[in-house]
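S.K.: here are the coordinates; sequence isn't available:
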Ligand code: NI
């Protein structure tokens, strides 16, 4: 009783971005963000790992139906971001429109918020986002 199991769904999307802070001049942006400040954008192959931890439902044997989770991720993340320019194609990552700078940190927070609203309250959600094989971030709603 009370066993909590963690299930994972792995997804992938390609997206372009540019990191810059519109309140700074070009020199400072270049100094802080380096290659990711390239004015003409550049792309990343993002790997997304969605972790859901919770009790096993005795009726289904599932923590969450992974087909359902996959459908939610597709609608909230892949359809919005895959093969898109995060700065130009979304408001949430357009710093000139008051959006967030599209770092892996900020992208993971927005993805977490988008997925969280679809999950039952007794499920714990963690989002892990790989911007490269070696650089990745994790957000659990803290
Ligand atoms: Ni970048």
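M.R.: Right, received. Where do you want to start? This one's a predicted model, so the numbers in the text were calculated from it and none came from an experiment. Residues are numbered from 1 along each chain as shown.
S.K.: ranges for the strands of this structure?
M.R.: 4-17, 42-55, 84-85, 124-130, 136-139 (DSSP state E).
S.K.: among those strands, which comes closest to residue 35?
M.R.: strand 42-55 (7.1 Å; C-beta to C-beta). Bear in mind the C-beta positions are built from the backbone N, C-alpha and C, glycine included.
S.K.: let me see the ranges of the helices in the chain.
M.R.: 26-33, 66-73, 79-81, 86-89, 104-116 (DSSP state H).
S.K.: mean confidence for the fourth one?
M.R.: In this model, helix 86-89 carries a mean pLDDT of 97.
S.K.: okay, residue 33 and residue 24: tell me how far apart.
M.R.: 9 Å (C-beta to C-beta, to the nearest Å).
S.K.: show me which of the two is the more surrounded one.
M.R.: residue 33 (17 against 14; other C-beta atoms under 10 Å).
S.K.: need the pLDDT of the residue nearest to that one when sequence neighbours are not counted.
M.R.: With sequence-adjacent residues excluded and distances taken as C-beta to C-beta, 6 or more residues apart in numbering, residue 33 is closest to residue 19, at 4.1 Å. pLDDT recorded at residue 19 is 97.
S.K.: surely residue 19 and residue 39 touch.
M.R.: No: between residue 19 and residue 39 no contact is recorded; they are 11.1 Å apart, counting by C-beta atoms under 8 Å.
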